[in-house]
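S.K.: Okay, here's the prediction I keep looking at, along with the sequence it came from:
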Amino acid sequence: MSEIENTPSEPSDLSATPQPKTESHDQAVPEAWSAFMRQGWADREADVPPHPVTAPAAVRRQRLADAFPGERLVIPAGNYKVRANDTDYRFRPDTAHTYFSGNQTTDAVLVVDGGEAVLYARPRSGRDTDEFFRDRQYGALWAGRRPSLGEMSASLGITCKHIDDLPSALSGSGKTRVLRGVDAKVDGTVSGDEERDRDFARVLSEMRLVKDDWELGELAEACDITTLGFEDSVRDWENVLKYGERWIEGTFFRRARAMGNDIGYDSIVGGGSHATTLHWIENSGPVTPGELLLLDMGVEGTNLYTADVTRTIPVDGTFTPLQRDLYDLVYNAQEAGIQAVRPGVPFLAAHHAAMEVLATGLGDMGLLPVSVEEALDPESKVYSRWTLHGTSHMLGLDVHDCGSAAPEVYPKGDLVEGMVLTVEPGLYFQEDDLLVPEELRGIGIRIEDDIVVTADGFTNLSESLPRTSSDVEAWMARQQG
């Protein structure tokens, strides 16, 4: 091989084997070096045990096939996404792909056709190719060892074929549905039917609404690790006061990476008035004595199920009388919402219960321009100036799970045993809100827990983190003691 130009390779279609992805600053590759690098490597198959998701995933695929008899169903994993220039984000597969296959590698596509499932995947490159030692995304010497097709099949209990075989598998006649927007190359290979594909995405979401026992175990583990991350975050208070919100963000991330896969979403660390910004993820402010600190953080476990927990704590370790009154109001609202959870009630039951408590409290404070009853009227909802958001969302592989479900199923449907939802009311008084007393401005409080719907009510997966104002104070004292 002659010396090559070291420029980034162009994207290729599914039928072409891509050239190694290199960059302009990479070294030239003389023919002698290339030939030498292709020799003398061992390439053994690892002894891979079955993944614990193997059996549940097989059941899920059969249910999916039964929902669309005689159709070809295509669910991609996705590809690397650019963070900046020639650097990519750490890969996280599409949720539906992982749910039905267990696979977490890039560039894979699950195809269910006539009840038979095949995972088309990009295995590690052969040691006799330049990709092995030159490719920045897929080469073992650059990016690490990818599994072989045999290893993937043994682990996931599914037939695996090379991704290069996918075009021929998709070229036959017959009705095909594709989960769109995940892999542009797959989208371009199969002509779309917008209505049919949208319905496919709906079914993929709705099938995930009820969690099986294995999933509930994964969510419980994510909540347990999240509890440890919260404890880590308040234990080193000297550095929290010194470095502010960033210190807690980094501390929690360390726990998430050490015991899980990642954080489930960008952590929200809101000190003082930052707590009134619902998705404050900049986390660049100070942590100031006398103020409250809102922590909305969740660990994503190794199998990608995520927790989503919020606590609001006093920076001084003790609530002021005003802070305690507001916190207890939010706690009472959350408790009312949690107690409303049980099979057969509307998904929105927790929201309505929590909002009734908050609206009543706001009325008692003299903030509502109308009566509590009028404020709670769906045609009014003026109380929501200070609550802003819904109380619950589904939770699972996505922090906002099952987002493509039909509205009449979620959020307008009823709760069913095995569903997992958050209950997270909040009060937010913006620092420039002239309709509230000055002493309230800049205070934000949210309390959030992860709730499983059980046969006779609910289980709180995150109950090990204290919720009452007195328990929060005692917890902080223990962690810092």
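M.R.: Looks like it came in fine.

S.K.: just checking, what packs against the helix or strand harbouring residue 240?
M.R.: For residue 240, the host element (DSSP states H and E) is helix 237-243. If contacts are counted by 3 or more CB pairs under 8 Å, 6 or more residues apart in numbering; DSSP states H and E, helix 237-243 sits against helix 245-259. Using the backbone N, CA and C atoms, a C-beta is placed for each residue, glycine as well.

S.K.: Identify the residues contacting the helix it packs on?
M.R.: For helix 245-259, the external contacting residues (CB atoms under 8 Å, 6 or more residues apart in numbering) are 225, 228-230, 232-233, 236, 239-240, 262-263, 267, 269-271, 274, 283-287, 295, 297, 299-300.

S.K.: swap in stretch 151-164?
M.R.: 14-15, 17, 45-46, 48-51, 53-55, 57-58, 101-103, 105, 107-109, 116-123, 147, 149-150, 169.

S.K.: Restricted to helices, list the contacts of helix 245-259.
M.R.: 225, 228, 229, 230, 232, 233, 239, 240 (DSSP state H).

S.K.: which of the residues you listed count as buried?
M.R.: For the ones in helices among the contacts of helix 245-259, a burial check counting by 16 or more other CB atoms under 10 Å picks out 225, 228, 229, 230, 232, 233, 240.

S.K.: Mind picking the one among the residues you listed that's closest to residue 384?
M.R.: Taking CB to CB as the measure, residue 384 lies nearest residue 230 of these, at 28.1 Å.

S.K.: which residues of the stretch 101-250 of the chain score low on pLDDT?
M.R.: By pLDDT under 70, the stretch 101-250 of the chain has no low-scoring segment.

S.K.: hey, where'd the strands end up in it?
M.R.: Counting by DSSP state E, counting those that start in this stretch, the stretch 101-250 of the chain has these strands, from start to end: 109-113, 116-121, 159-162, 176-178.

S.K.: Tell me which of those approaches residue 358 most closely.
M.R.: The closest of these to residue 358 is strand 176-178. By CB to CB, the value is 42.7 Å.

S.K.: Work out the sheet partners of the closest one and label each with its direction, please.
M.R.: strand 72-76 (parallel) (DSSP bridges).

S.K.: Tell me where the stretch 301-450 of the chain has strands.
M.R.: 309-314, 420-423, 426-429, 443-446, 449-454.

S.K.: Nearest approach to residue 386 belongs to which of the ones you listed?
M.R.: Between the strands of the stretch 301-450 of the chain, strand 426-429 lies closest to residue 386; by CB to CB that is 5.7 Å.

S.K.: And the contacts of the closest one?
M.R.: Residues outside strand 426-429 that contact it (CB under 8 Å, 6+ apart): 275-276, 278, 310, 326, 329-330, 358, 386-389, 436, 440-447.

S.K.: now do 6 Å
M.R.: Residues outside strand 426-429 that contact it (CB atoms under 6 Å, 6 or more residues apart in numbering) are 276, 330, 386, 388, 436, 440, 441, 443, 444, 445, 446.

S.K.: For residue 442, see how far away the nearest residue to the fifth one once chain neighbours are set aside is.
M.R.: In this case it means residue 436. In this structure, residue 436 finds its nearest non-sequential neighbour in residue 429, 5.1 Å apart by CB to CB, 6 or more residues apart in numbering. Distance, residue 429 to residue 442, using CB to CB, to the nearest Å: 7 Å.

S.K.: Compare those two and say which is more crowded by neighbours.
M.R.: Neighbours were tallied for residue 429 and for residue 442 using other CB atoms under 10 Å; the higher tally belongs to residue 429 (22 against 19).

S.K.: Test of understanding: give the bridge partners of the more buried one.
M.R.: With DSSP bridges as the criterion, residue 429 is bridged to residue 443.

S.K.: Quick one: classify residue 42 as helix, strand or coil.
M.R.: Following DSSP: H, G, I helix; E, B strand; the rest coil, we place residue 42 in the coil state.

S.K.: count of neighbours near it?
M.R.: Using other CB under 10 Å, residue 42 has 5 neighbouring residues.

S.K.: Over to residue 175?
M.R.: By the criterion of other CB under 10 Å, residue 175 has 11 neighbours.

S.K.: For it, which non-adjacent residue is spatially closest?
M.R.: Nearest residue to residue 175 in three dimensions, chain neighbours excluded: residue 71, at 4.7 Å (CB to CB, 6+ apart).

S.K.: any idea how far residue 156 is from that neighbour?
M.R.: According to CB to CB, residue 71 and residue 156 sit 22 Å apart.

S.K.: do residue 396 as well
M.R.: When distances are taken as CB to CB, residue 396 and residue 156 turn out to be 19 Å apart.

S.K.: and what of residue 150?
M.R.: 11 Å.

S.K.: The two: who's more crowded?
M.R.: Neighbour count, other CB under 10 Å: between residue 150 and residue 156, residue 156 has more, with 25 against 13.

S.K.: follow-up on the earlier one: give me the buried entries from the contacts of strand 426-429.
M.R.: 276, 330, 386, 436, 440, 443, 444, 445, 446.

S.K.: Identify the farthest-apart pair in the residues you listed.
M.R.: Within those, two members stand farthest from each other by CB to CB: 436 and 446, at 17.2 Å.

S.K.: okay if I get the strands of the stretch 101-250 of the chain as a markdown table plus mean neighbour count and distance to residue 354?
M.R.: As requested, those are exported to a markdown table (neighbours: other CB atoms under 10 Å; distance: least, CB to CB, whole Å):
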| stretch | mean neighbour count | distance to residue 354 |
| --- | --- | --- |
| strand 109-113 | 24 | 39 |
| strand 116-121 | 21 | 42 |
| strand 159-162 | 16 | 47 |
| strand 176-178 | 23 | 38 |
